[in-house]
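Enquirer: need a 3D model of the sequence below.
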Amino acid sequence: MSTLELIGWLGAGLLLLGFALNIFQKIQAESNTYLSLNLIGSLLLLYNAYMNEAFPFVAVNFVWVAFSAFKLIQIRVKS
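Expert: Numbers count the residues shown, from 1 in each chain. As a prediction, this is how the structure comes out:
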């Protein structure tokens with residue numbers, strides 16, 4: 001397995017972990033944990049998609065990164 005593929009699998013795993021923890025009510029969608037898992041996972045997938053020239057996935061993950069980062073910043077500013 002290449003490093004690039006490993007990065008993609010790690011990103012997918014982090015997104016799915018956050019989703020599963022939220023669905024089973026272990027973390028809330030607006031928690032730092034959930035948003036951080038989404039941010040890191042989508043950053044890794046963004047890199048993987050870019051390097052593989054999968055530009056539709058670059059766009060999706062760019063938006064996912066932007067929304068997660070925005071919400072994390074918004075939460076920290078409110079605190």
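
Enquirer: please make it C-alpha for all contacts and neighbour counts, starting now.
Expert: Noted.

Enquirer: do I have it right that residue 46 meets residue 61?
Expert: Yes - using C-alpha atoms under 8 Å as the test, residue 46 is close enough to residue 61 to be in contact (5.2 Å).

Enquirer: now do the same contact list for residue 39.
Expert: Counting by C-alpha atoms under 8 Å, 6 or more residues apart in numbering, residue 39 makes contact with 64, 65, 68, 69.

Enquirer: of these, which pair is most distant in space?
Expert: Farthest pair in those (C-alpha to C-alpha) is 64 and 69. Separation: 8.5 Å.

Enquirer: burial measure for residue 48, as a count.
Expert: Counted with other C-alpha atoms under 10 Å, residues neighbouring residue 48 total 22.

Enquirer: relative to the whole chain's centre, how far out is the lengthiest helix in the chain?
Expert: When the chain is parsed with DSSP state H, its longest helix is helix 55-78. Relative to the centre of its chain, helix 55-78 is centred 8 Å away, using C-alpha atoms, centre = their mean, to the nearest Å.

Enquirer: same question for it, mean pLDDT?
Expert: Mean pLDDT, computed over helix 55-78, is 96.

Enquirer: helix/strand/coil for residue 30?
Expert: Of the three states, residue 30 takes coil under DSSP: H, G, I helix; E, B strand; the rest coil.
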